[in-house]
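Trainee: whatever this is, show me its structure:
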Amino acid sequence: MGQAIKFTIISGVGWLVDVLLFSVGTRVFSYQVGYANIISSIPAITLVFFVSTKNIIKNEGALELRYKYLIYVGYQVVLITVISFVGQIIFNIFQNTGYLSLTPDNNKLLVKIIITPITLLSNFFFMKFLMRNK
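Mentor: Below is the predicted model:
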């Protein structure tokens, strides 16, 4: 349980980096939600991986950490791609149905908030699995 709490805190810092870059991408550069999510996630996952493996989830397997990082990045590419397209679909639904009367920028941020718990849980369990296996 302690690991999960610490991972959530570190992931929260990563999420702040992610949201800042996501907001810049969507508001300043007018990127679509899906693309902005992909771009903003890369620095955040790198930060979370290295801080987590140094301070929270120790590498117990024989495989070197740098190789596990590459595996983690590969996993993230798949997860982020899938969740980014899901996020884009949710955003399109919000915009096209008028389900919420928020501005497009606020709808984008709401979508980011909606998809965050999915990625947080997935990342925690994958990181634990990866660090324990060879």
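Trainee: any weak-confidence spans in this protein?
Mentor: 100-101, 133-134 (pLDDT under 70).
Trainee: list the buried residues of the lengthiest helix in it.
Mentor: Looking across the chain with DSSP state H, the single longest helix is helix 65-97. For helix 65-97, burial by neighbour count (16 or more other CB atoms under 10 Å) applies to 65, 68-69, 72, 75-76, 79-80, 83-84, 86-88, 90-91, 94. All C-beta atoms are positioned from the backbone trio N, CA, C, and that covers glycine.
Trainee: the nearest residue to Phe124 once chain neighbours are set aside and Asn55: what is the separation?
Mentor: In this structure, Phe124 finds its nearest non-sequential neighbour in Phe7, 5.1 Å apart by CB to CB, 6 or more residues apart in numbering. Separation of Phe7 from Asn55 (CB to CB, to the nearest Å) stands at 10 Å.
Trainee: quick one, which of those two is more surrounded?
Mentor: Higher neighbour count among Phe7 and Asn55: Phe7, with 21 against 11, using other CB atoms under 10 Å.
Trainee: which strands and helices sit next to the helix or strand harbouring Leu109?
Mentor: Assigned by DSSP states H and E, Leu109 falls within helix 104-132. Identification of packing neighbours for helix 104-132 by 3 or more CB pairs under 8 Å, 6 or more residues apart in numbering; DSSP states H and E yields helix 2-23, helix 33-55, helix 65-97.
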